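[1] I'd like to go over a predicted model; first the sequence, then the structure.
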Amino acid sequence: MLFDTHAHLNADQYADDLEEVVERAKQAGVSNMVIVGFDRPTIQKAMELVEHYDFMYASVGWHPVDAIDMTDEDLAWIEELASHPKVVALGEMGLDYYWDKSPKEIQKEVFRKQIRLAKKVKLPIVIHNREATADIVEILKEEGAEEVGGILHCYSGSPEIAREVVEMNFYISLGGPVTFKNAKKPKEVAAEIPLNKLLIETDCPYLSPHPYRGKRNEPAYVKFVAEQIAEIKGLSLQEVAEATAANAKKLFAIK
């Protein structure tokens, strides 16, 4: 009953063994996953996957690192895809101040355009944040993003900011880092944010949980994330799996 809300099975890292990876996910109890596209090639591949696998859904958007490359045609294409029955969110979008490929002002502009599009097509948004928390929260407020809500994916910020965005109709999604021994903030967030506002993800092929840290991640490993949250909250794995899956289905309007 696990729902991996953020997977990149559209990445080249799975070119040789996708079927085996999917099978392992099923064996681990993963019932649904969202495949995230963030540029032309990855969106295209995400759409192919969700049309092939009935338990996969897609989120389509433009990554902030590549914001400088996004054209009006790309935005129009994303709008077109938003009406596809298996597209359940827009993103990942947001701000990334770690890499400097795209100037900050261009990132902000592209982020705002995608939030406005999400409000137009009535889909939640999936947010990528790297070293840009204050600006992201400000833009979400200014653009009235709470109208559609969404996810702060692979959340690594403070419990205080988490509480603030939860009040703005957003879910907090935790991934592999919550299992790391030295990861203080994600563990605090897992403890403090109510279960009905938490989601789980892998962000595979990145950020593998312990004990696979440093190796290629895959959806089957989302179980380790759920187990860690269960341990922190004093709940059973089943309770965390069922609650986070119900949260995801509610957010993504999946029957």
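    Arrived safely.
[2] Which elements pack onto the helix or strand where residue 107 lies?
    Assessed by DSSP states H and E, residue 107 sits inside helix 104-121. Counting contacts by 3 or more CB pairs under 8 Å, 6 or more residues apart in numbering; DSSP states H and E, helix 104-121 is packed against helix 72-81, strand 87-96, strand 125-130, helix 133-142. Using the backbone N, CA and C atoms, a C-beta is placed for each residue, glycine as well.
[3] Export stretch 91-108 to CSV, keeping only CA atoms.
    Output in CSV follows, covering the C-alpha atoms of stretch 91-108 (Å, rounded to 0.1, in the frame of the first residue of the first chain):
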residue,chain,number,x,y,z
GLY,A,91,6.3,20.1,-11.6
GLU,A,92,8.9,19.7,-10.5
MET,A,93,9.2,23.4,-10.4
GLY,A,94,10.8,25.9,-8.0
LEU,A,95,14.1,27.5,-7.3
ASP,A,96,17.6,26.1,-7.1
TYR,A,97,20.3,28.5,-5.9
TYR,A,98,23.0,25.8,-5.7
TRP,A,99,23.6,25.4,-9.4
ASP,A,100,24.1,28.7,-11.4
LYS,A,101,23.1,27.7,-14.9
SER,A,102,19.9,29.8,-14.8
PRO,A,103,19.9,33.3,-13.2
LYS,A,104,17.7,33.7,-10.2
GLU,A,105,15.4,36.2,-11.8
ILE,A,106,14.7,33.8,-14.7
GLN,A,107,14.1,30.9,-12.3
LYS,A,108,11.6,33.1,-10.4
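[4] I'd like the mean pLDDT over that stretch, please.
    Taken as a whole, stretch 91-108 has an average pLDDT of 97.
[5] by how many degrees do the helix holding residue 107 and strand 125-130 diverge?
    160 degrees (axes from the mean of the first three to the mean of the last three CA atoms, to 10 degrees).
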